[in-house]
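Q: With the sequence up front, the predicted model follows.
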Amino acid sequence: QVQLVESGGGLVQTGGSLRLSCAVSGRVFSNYVIGWFRQTPGKEREFVAAIRWSGGADYYSKIVKGRFTATRDNAKNTAYLQMNSLKPEDTAVYFCAAVPYSDVSGIFSPRTYGSWGQGTQVTVSS
């Protein structure tokens, strides 16, 4: 069982930056993928980014590519999402999630992931 706890959300102005953290504990193996998703009221969770725990290969949605960066610190068992050039449309609850890696096509869907954090609110003011 994998446990995840997000932190680092908050209120920021347009163009600002935030770094989200995802502390991972439990039975995490090197083949895990940490995904980042976001959700706004009435909408499904949307893929933002993902990073493989071993090797660090990263993936991004077109909306955030070039502005967001996913990293991980294996020694600290923590994944990060650095968010730069934030826009009001980035406002959402952000979640991290974990799943054993099997196929790259699966990492973009929230249905693939079995373990989720509680979420952290990010609000970007205009």
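A: Thanks, I have the structure now.
Q: C-alpha only now, for contacts and for neighbours.
A: OK.
Q: which residue is nearest the centroid of this protein?
A: The chain has W36 as the residue nearest its centroid, 2.1 Å off, counting by CA atoms, centre = their mean.
Q: For it, report the pLDDT, please.
A: Note on W36: pLDDT of 98.
Q: wait, it sits on V48?
A: Yes - the pair W36 / V48 is scored as a contact, 5.4 Å apart, by CA atoms under 8 Å.
Q: what sits opposite the nearest residue to T40 once chain neighbours are set aside in the beta ladder?
A: Leaving aside its chain neighbours, T40 sits nearest to A92 (5.0 Å; criterion: CA to CA, 6 or more residues apart in numbering). Here A92 sits in beta bridges with V122, as judged by DSSP bridges.
Q: Which of the three states applies to I63?
A: In three-state terms, and counting by DSSP: H, G, I helix; E, B strand; the rest coil, I63 is coil.
Q: For Q3, which residues are in contact?
A: Applying CA atoms under 8 Å, 6 or more residues apart in numbering to Q3 gives the contacts V24, S25, G26, S115, W116, G117.
Q: Likewise for Y59?
A: A49, A50, I51.
Q: Which members of those residues occur in helices, if any?
A: Members of the contacts of Y59 lying in helices (criterion: DSSP state H): none.
Q: that older thread, so the residue nearest to T40 is in contact with V122, correct?
A: Yes - counting by CA under 8 Å, V122 is a contact partner of A92 at 5.5 Å.
Q: what touches both of these two?
A: With CA under 8 Å, 6+ apart, A92 and V122 have no common neighbours.
Q: tell me, how many neighbours does the residue lying closest to V2 once chain neighbours are set aside end up with?
A: Closest residue to V2 apart from its sequence neighbours, by CA to CA, 6+ apart: G26 at 4.6 Å. By other CA atoms under 10 Å, 10 other residues sit near G26.
Q: Y101 now?
A: If you count neighbours by other CA under 10 Å, Y101 ends up with 18.
Q: tell me the contacts of it?
A: Taking CA under 8 Å, 6+ apart as the test, what Y101 contacts is N31, Y32, V33, R52, I107.
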